[in-house]
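S.K.: A predicted structure for the sequence below; I have some questions about it.
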Amino acid sequence: MPLEPSTSVLSLDLLPTGQSARILALDLEEGLCARMHALGLTPGQSITLIRRARFNGPLQVRAGTTDLILRVADARAIMVT
């Protein structure tokens, strides 16, 4: 599916706090990708960045009614729009 010209693609770790986006792809190791899918992080799912821990710590995100804590490195591998 082609992206609209005004659509910007970025990694989840760059999403501003409080903003929502739609997951495009997960570029994670197979086992971790399966775990993320089981938790509801799938392409097309809406996700909101709730808060960032200090000193480049983990991120709290919300997908549907599920809140998750993600390492920055893992968030960097999740592409959103």
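M.R.: Perfect, thanks for sending it.
S.K.: Show me which positions of whichever strand or helix holds residue 75 end up buried.
M.R.: Element membership of residue 75, judged by DSSP states H and E, is helix 72-76. For helix 72-76, burial by neighbour count (16 or more other Cβ atoms under 10 Å) applies to 74-75. Any C-beta I mention is one placed from the backbone N, CA and C, and that applies to glycine too.
S.K.: counting contacts, what elements does it pack onto?
M.R.: Packing partners of helix 72-76 (3 or more Cβ pairs under 8 Å, 6 or more residues apart in numbering; DSSP states H and E): strand 59-63.
S.K.: before we move on, back to that, which other residues reach the helix holding residue 75?
M.R.: The contact list for helix 72-76 (Cβ atoms under 8 Å, 6 or more residues apart in numbering) reads 11-13, 28, 32, 36, 56-59, 61.
S.K.: go again using 6 Å as the cut-off
M.R.: 11-13, 56, 59 (Cβ atoms under 6 Å, 6 or more residues apart in numbering).
S.K.: ok, now stretch 54-65?
M.R.: 40-41, 45, 47-52, 68-72, 75.
S.K.: Please apply the same query to stretch 15-24.
M.R.: 43, 45-49, 52, 79-81.
S.K.: Out of the residues you listed, list just those in strands.
M.R.: 46-49, 52, 79-80 (DSSP state E).
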